[in-house]
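1. would you be able to build a 3D model of this:
(one chain, ligands or ions: 1)
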Amino acid sequence: MARTLQTQGAVIETSEAQIAVHWREEEYYYPSAKFVGQANLTDPNVVERFSEKNFPECFREYADMLSWDQYWQTTLDTSDPPFWKWFVGGKINASYNCVDRHLAKYKNKAALIFVPEPESEAPVSVTYRELYVRVNEFAALLRDFCGLKSGDRVTIHMPMVPELPISMLACARLGVIHSVVFGGFSGEACGMRVADSQSQVLITMDGYYRNGKLLDHKAASEISLEIAKKEGQTVDKVLVWRRHPGKNASASPFVKGRDFFVDEVLPKYAGELVAPVPMDAEAPLFLMYTSGSTGKPKGCQHRTGGYLAYVTGTSKYIQDIHPEDVYWCMADIGWITGHSYIVYGPLALAATSVIYEGVPTYPDAGRVWRIAERLDVNIFHTSPTAIRMLRKAGHDEPPKYNYHFKHMTTVGEPIEPEVWRWYHDTVGKGEAVIVDTWWQTENGGFLCSTKPALDPMKPGSAGPGVPGIFPVIYDENNQEIAAGSGKAGNICIRNPWPGIMQTIWGDHDRFVTQYYTKYCKNRNSKDWHDWPYFASDGAVLAADGYFRILGRVDDVINVAGHRLGTKEIESACLTVPEVAEAAVVPVADEIKGRVPEVYIALKPGVQASPAIVDKVNKAIETMIGKIARPKHIHIVPDMPKTRSGKLMRRVLAALSNNMNTGDISTLANPDIVENIRELVQGKEAVALADGPEDLKKFGTED
Ligand code: WT7
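-> I've put the predicted structure just below:
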């Protein structure tokens, strides 16, 4: 017998045999003739050009968009699976490609436009010439003042200011591997990343504006250094950019001989030029830490040549970036979206890339559209969470402003069809084409999306694989799930691509087991066909070849499009001495998609109290940052466990989301479930429903 339930726009049908997901098929939307007329990618033959038959040589097309110091010999080397090598033998410099090579034609054009949060501060344009000067000077400082050379690591913990891409590009010029940590992460979280990457230098900033306040950001560096030291990594120098050079926004101590204000040291390097170092295509360009199933974030190591080629190609074809566009991606550079689609991709194409310092709704719900109008932005890129937030705060704001987007992107989470339609009709004024791009920190660039001038859009669906990407959905028995079957499974990518990470920094085994073991067909094979990439997302494939992403199938919670590991939050809870056990589960949220909810059991003899809840909250904020703040913290008498003592997060996730808990008769303590249910939902029984896939399957047992 099958039951059908309506949830989040989907009809989910469950039967004994399997779970089938029947989405209501949405109508297609088509790009305007005006958009198509100017688009970079209009030749339908691209599908053939990037077909499996032409793989991997098809990716020459992307690599040829770059300027190489030495052309490569081998496009793809598969001799050591799954450690693929791209454009082997080639030499290239990312900083040269994003800056120097544009000078001849575009030196006087804005590379970056910085929009400070206070509206009293005017936007600041940084031309390609100015970017060139500033990147060179800062590279000279890194080389001569800090003694950095290619292969060294530097951690950058900064807000959204032009000095952030300048720091990244200066590192890239020298072949120094940058590891940017999202500015909103705590000093502790930053310190762990400093230690893991063995960074000798930390680049930070004194302060920045957020929600109308000038925040003290440098204070975090003190904690970062302390934590890093505890983990065995000593930082020699802390470089502190100042939001207002000459003035100090931070009250934190300044350690002589270790801390340096960049604006005080930089004049020594005025006018210096640093030759871009030709790097091996396979030399690491940067690390980007992301959450996984364990308590320890993993450093995704991205290569220079393949990564740059991939973000440049997809920025051109999927983002439709031309040099004359004003492009605004509202993500933070501290996440992969910002690396690929604020800095490296757009700058490699000589675009103008907008950097906004602050909160999208500050000081009011019209701010984003005022910025778009003032700068005449024509490509806009953001997340469903931001769209939901802007819609809630100012449903009718966009038409009040005279801006016109030709193209808009959504990324990071599934987007509900209603929200998609508001984005299309109201934000895009019915004129802009939308791409819903699915990908991950590990991937470097887009994996699924429609080709904006070639494929119709379908609200809520990412679309087919982008050129050269061959996605597939496998079930738990390694069987391919057919298009149009309505069944959900694990989305995988059958082939390697230039943007895929090289490895997890310092942990090759984890790289193999996390992404390649599950669906590997033959561990001894050197044929890439035997090594599908396992993405850890659930998905359904419609008959038209469009993928609809359902969300994570592991212990990762996607909060507002940002990844948080449940284990990381649980570890933070366990630092509170009164806490014996902690379990973190996702709960559906109207704006942020998913948010964490915390369950804790106290040590024997400890009384539950609001003070303990406060302590747990504080611990999470300190260890990770405000973005990990839970919606609720429930103190429970005991955790639901299996007879072998495994904690059943799935049951807790069901209770948090008013979903059916399923069979609990095999638990060691089934009675506790009703007890917790009352605590969470109150005395009255609530209507039970089946929920979205990611919530239903949530969590490992341990
Ligand atoms: C996870 C990756 C790199 C993009 C920013 C997030 C989810 C990403 C979509 C989309 C539905 C999406 C997936 C993925 N996700 N894009 N268009 N539709 N879900 O990068 O922090 O590495 O998170 O974000 O669950 O696994 P990330």
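
2. now do the contacts for the residue lying closest to N522 once chain neighbours are set aside.
-> Closest residue in space to N522, ignoring its immediate chain neighbours: D530 at 4.7 Å, by Cβ to Cβ, 6 or more residues apart in numbering. C-beta: built from backbone N, CA, C; applies to glycine. Each residue near D530 by Cβ atoms under 8 Å, 6 or more residues apart in numbering is listed here: 81, 520-522.

3. now the buried members of these.
-> Buried subset of these (neighbour count, 16 or more other Cβ atoms under 10 Å): 81, 520.

4. any idea where the helices of the stretch 201-350 of the chain begin and end?
-> With DSSP state H, counting those that start in this stretch as the criterion, the stretch 201-350 of the chain has helices at 219-230, 262-265, 305-317, 336-338, 345-348.

5. looking at the ones you listed, which is closest to the ligand?
-> With distances scored as Cβ to the nearest ligand atom, the stretch of the helices of the stretch 201-350 of the chain nearest to the ligand is helix 336-338 (4.9 Å).

6. what's the closest one in contact with?
-> So helix 336-338 is contacted by 288, 290, 300, 329, 331-332, 381, 411-412, 440-441, 444 (Cβ under 8 Å, 6+ apart).

7. how distant is that helix from the center of its chain?
-> The chain centroid and the centroid of helix 336-338 are separated by 6 Å, computed with Cα atoms, centre = their mean, to the nearest Å.

8. next: stretch 546-555.
-> Its chain's C-alpha centre and that of stretch 546-555 lie 15 Å apart, by Cα atoms, centre = their mean.

9. all strands for the stretch 151-300 of the chain, in order.
-> Counting by DSSP state E, counting those that start in this stretch, the segments of the stretch 151-300 of the chain that form strands are 153-158, 177-182, 201-205, 207-210, 213-216, 237-241, 259-261, 279-280, 284-290, 298-303.

10. can you list the ones you listed in JSON lines and add distance to the ligand, mean pLDDT and mean neighbour count?
-> Formatted as JSON lines, these follow (distance: least, Cβ to the nearest ligand atom, whole Å; pLDDT from 0 to 100; neighbours: other Cβ atoms under 10 Å):
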{"stretch": "strand 153-158", "distance to the ligand": "18", "mean pLDDT": "98", "mean neighbour count": "27"}
{"stretch": "strand 177-182", "distance to the ligand": "10", "mean pLDDT": "98", "mean neighbour count": "26"}
{"stretch": "strand 201-205", "distance to the ligand": "22", "mean pLDDT": "98", "mean neighbour count": "26"}
{"stretch": "strand 207-210", "distance to the ligand": "21", "mean pLDDT": "98", "mean neighbour count": "21"}
{"stretch": "strand 213-216", "distance to the ligand": "23", "mean pLDDT": "97", "mean neighbour count": "15"}
{"stretch": "strand 237-241", "distance to the ligand": "26", "mean pLDDT": "98", "mean neighbour count": "23"}
{"stretch": "strand 259-261", "distance to the ligand": "31", "mean pLDDT": "97", "mean neighbour count": "18"}
{"stretch": "strand 279-280", "distance to the ligand": "24", "mean pLDDT": "98", "mean neighbour count": "23"}
{"stretch": "strand 284-290", "distance to the ligand": "5", "mean pLDDT": "98", "mean neighbour count": "25"}
{"stretch": "strand 298-303", "distance to the ligand": "8", "mean pLDDT": "98", "mean neighbour count": "26"}
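
11. just send the ones you listed back as JSON lines, with distance to C190 too.
-> Converted to JSON lines, the strands of the stretch 151-300 of the chain look like this (distance: least, Cβ to Cβ, whole Å):
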{"stretch": "strand 153-158", "distance to C190": "5"}
{"stretch": "strand 177-182", "distance to C190": "5"}
{"stretch": "strand 201-205", "distance to C190": "8"}
{"stretch": "strand 207-210", "distance to C190": "15"}
{"stretch": "strand 213-216", "distance to C190": "15"}
{"stretch": "strand 237-241", "distance to C190": "12"}
{"stretch": "strand 259-261", "distance to C190": "15"}
{"stretch": "strand 279-280", "distance to C190": "26"}
{"stretch": "strand 284-290", "distance to C190": "10"}
{"stretch": "strand 298-303", "distance to C190": "13"}
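
12. which one of the ones you listed lies nearest to K268?
-> With Cβ to Cβ as the measure, strand 259-261 is the member of these nearest K268 (11.0 Å).

13. the closest one pairs with which strands, parallel or anti?
-> strand 237-241 (parallel) (DSSP bridges).

14. any idea how far the partner strand is from the middle of the chain?
-> In terms of Cα atoms, centre = their mean, the centre of strand 237-241 is set 26 Å apart from its chain centre.

15. send the alpha carbons of that strand over as PDB?
-> Taking C-alpha atoms only, strand 237-241 is exported to PDB below (Å, rounded to 0.1, in the frame of the first residue of the first chain):
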ATOM      1  CA  LYS A 237      53.600  37.100  11.300                       C
ATOM      2  CA  VAL A 238      50.100  38.500  11.500                       C
ATOM      3  CA  LEU A 239      49.400  41.000   8.700                       C
ATOM      4  CA  VAL A 240      46.500  43.300   9.600                       C
ATOM      5  CA  TRP A 241      44.800  45.300   6.900                       C
END
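
16. and the contacts of it?
-> With Cβ under 8 Å, 6+ apart as the test, strand 237-241 has contacts from 141, 145-146, 158, 161, 163, 167, 200-206, 218, 221, 225, 250, 255, 258-263, 265.
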